[in-house]
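1. below: sequence and its predicted model.
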Amino acid sequence: MEAAILILALLFVAFVALGVYVSVKAIGAAKRGVERTVTQARRTVEETTLRAKSFGQGGVAGELAQLRLSLRTSMRATQDALHAGAAEDASLSESLALFRRLSAHGHELDDELKRLEREPDRATVASLLPGLRERTERISRSAESLRWAARDRARKFADDDLDALSLQIDVEAGALRHWSGEGVPGADMRDVPDVPDTAPEPASWPEAGRTAGAGGAAGHGVASEQTWPEPGARSEPGPGHTVAEQPQAITARDPRQQTSYPWQKNTRPETTN
C-alpha cells in the first residue's frame, strides 16, 4: 500500500514538473513573439517618420533623416539576403561574420545620426554632415558589396544546375529518339540498329510431282504445276513403275462381314405395330 502511494506521489510530482516546464517554454515563446512584434512595429514607425522627415523637411534635419533611412534600408536588405543564402550555402558563414562587424559600425553611425537630430546647434551639425555622409556611403557600399556577392553566388549555382539539367534532358531526349539520329542533339548513330534495305525472300513452295525419281518431268523440260487430285480419279502407274509399287487405296470394311465378339450386344430388331 505504501509503495502504491509513493508511486502515485512520484507521478504527480513528475506531471507537475512537466506542466511547469511546458508553461515556462510557452510563456518564453509568447514573450519573444511579443518583443519581435513590438520591435517590428517600432521599426516601421521609425522608418515612416524618417521618410516623412526626408521628404517633408529640408535643411539639416531632412539630410540627417535621409542618411539614416538609406543606411537602415541597405543594412536590412543585406542582412535578409545573407541569412536567406546561409540556410542553403554554408560558405556564407564568413560573410555573416563580416556583416556583424559591419553592423556594429552601422548601429554606431545610426545612433550618432539620431542624437544629432535632437541637437539644437544646427551650424555644428551642418559642418559634420560631409563626414557623416561619407561614412554612410562607405558602410552602405560595403553592405551592398556583400549583398550582391551573395546574390551572384546563388545565381551562379542556379545557372550551373540549370546547365547540367539541360544537358541531361538533351541526352535523355536523344535516347528516346534513338530511331532517328539526324537533327537530334546528343543522339548516337551507333545505337541505331542496321536495317536491311531489302526484305528476305520467302521460302518457295515445293513443286508438285517432284519426287526422287522425277525423271519424266526433266525429260519434258517443263516444270509441272502443283495440282490437286480429283475425287475418284485413279492414278495411272508411271513409266518404270508397276501396279504393285503404286499406293493402294484404303477401302472401308463391310459391316456385315465384321467379326462379332461375345461381349458385343446383338442388334434388336425393330417391332412394328
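-> In hand now; what should we look at?

2. once you drop chain neighbours, what's closest to residue 56?
-> Leaving aside its sequence neighbours, residue 56 sits nearest to residue 62 (CB to CB, 6 or more residues apart in numbering; 7.7 Å). From N, CA and C alone the C-beta is placed, and that goes for glycine too.

3. thought the one you found was touching residue 51?
-> No - when contacts are counted by CB atoms under 8 Å, residue 62 is not listed as touching residue 51 (10.9 Å).

4. for residue 125, which residues are in contact?
-> 60, 64, 116, 119 (CB atoms under 8 Å, 6 or more residues apart in numbering).

5. switch those residues over to TSV; also include secondary structure and neighbour count.
-> Putting those into TSV (DSSP: H, G, I helix; E, B strand; the rest coil; neighbours: other CB atoms under 10 Å) gives the following:
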residue	secondary structure	neighbour count
60	helix	19
64	helix	26
116	helix	21
119	coil	13
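
6. go through these and say which is closest to residue 178.
-> residue 64 (71.1 Å; CB to CB).

7. enumerate every residue touching that closest one.
-> 113, 116-117, 125, 129, 132.

8. quick one: pLDDT of it?
-> The model reports residue 64 with a pLDDT of 89.

9. for residue 146, see how far away it is.
-> Distance from residue 64 to residue 146, counting by CB to CB, to the nearest Å: 25 Å.

10. same check, this time on residue 77
-> According to CB to CB, residue 77 stands 10 Å off from residue 146.

11. so where is the stretch 101-250 of the chain shaky, pLDDT-wise?
-> Applying pLDDT under 70 to the stretch 101-250 of the chain picks out residues 180-250.

12. hang on, the earlier thing: got the contacts of residue 64 as CSV, with distance to residue 152 and secondary structure columns?
-> CSV is the format used below for those (distance: CB to CB, whole Å; DSSP: H, G, I helix; E, B strand; the rest coil):
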residue, distance to residue 152, secondary structure
113, 31, helix
116, 36, helix
117, 36, helix
125, 38, helix
129, 33, helix
132, 30, helix
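
13. so which of the residues you listed is the closest to residue 45?
-> Of the contacts of residue 64, the one sitting nearest to residue 45 (CB to CB) turns out to be residue 117, at 15.0 Å.

14. now that closest one: how far from residue 127?
-> On the measure of CB to CB, residue 117 and residue 127 end up 16 Å apart.

15. before we move on, back to that, who's in contact with the residue nearest to residue 56?
-> 53-56.

16. let's see it at 10 Å
-> 50, 53-56 (CB atoms under 10 Å, 6 or more residues apart in numbering).

17. can you pick the most crowded of those?
-> residue 50 (23 neighbours; other CB atoms under 10 Å).

18. what helix or strand is that residue located in?
-> For residue 50, the host element (DSSP states H and E) is helix 2-56.

19. likewise for residue 166?
-> helix 122-176.

20. between residue 117 and residue 127, point out the one with more neighbours.
-> residue 117 (14 against 10).

21. so residue 120, which state does it fall into?
-> Assigned by DSSP: H, G, I helix; E, B strand; the rest coil, the conformation of residue 120 is coil.

22. related to what we said a few turns ago, who's more crowded, residue 77 and residue 146?
-> Neighbours were counted for residue 77 and for residue 146 using other CB under 10 Å; residue 146 has more, 19 against 13.

23. verify the stated contact: the more buried one with residue 102.
-> Yes - the pair residue 146 and residue 102 passes the contact test of CB atoms under 10 Å, sitting 7.6 Å apart.

24. which residues are in contact with both of these two?
-> Residues touching both residue 146 and residue 102 (CB under 10 Å, 6+ apart) are 78-79.

25. quick one on the thing from earlier: look up phi and psi at the residue nearest to residue 56.
-> Residue 62 adopts backbone torsions of phi -70, psi -40, taken as degrees, to the nearest 10.

26. same check, this time on residue 61
-> Dihedral angles (degrees, to the nearest 10) for residue 61: phi -60, psi -40.

27. quick check: it touching residue 116?
-> Yes - assessed by CB under 10 Å, residue 61 is found in contact with residue 116 at 9.4 Å.

28. between the two, what contacts are shared?
-> Common neighbours of residue 61 and residue 116 (CB under 10 Å, 6+ apart) are 122, 125.
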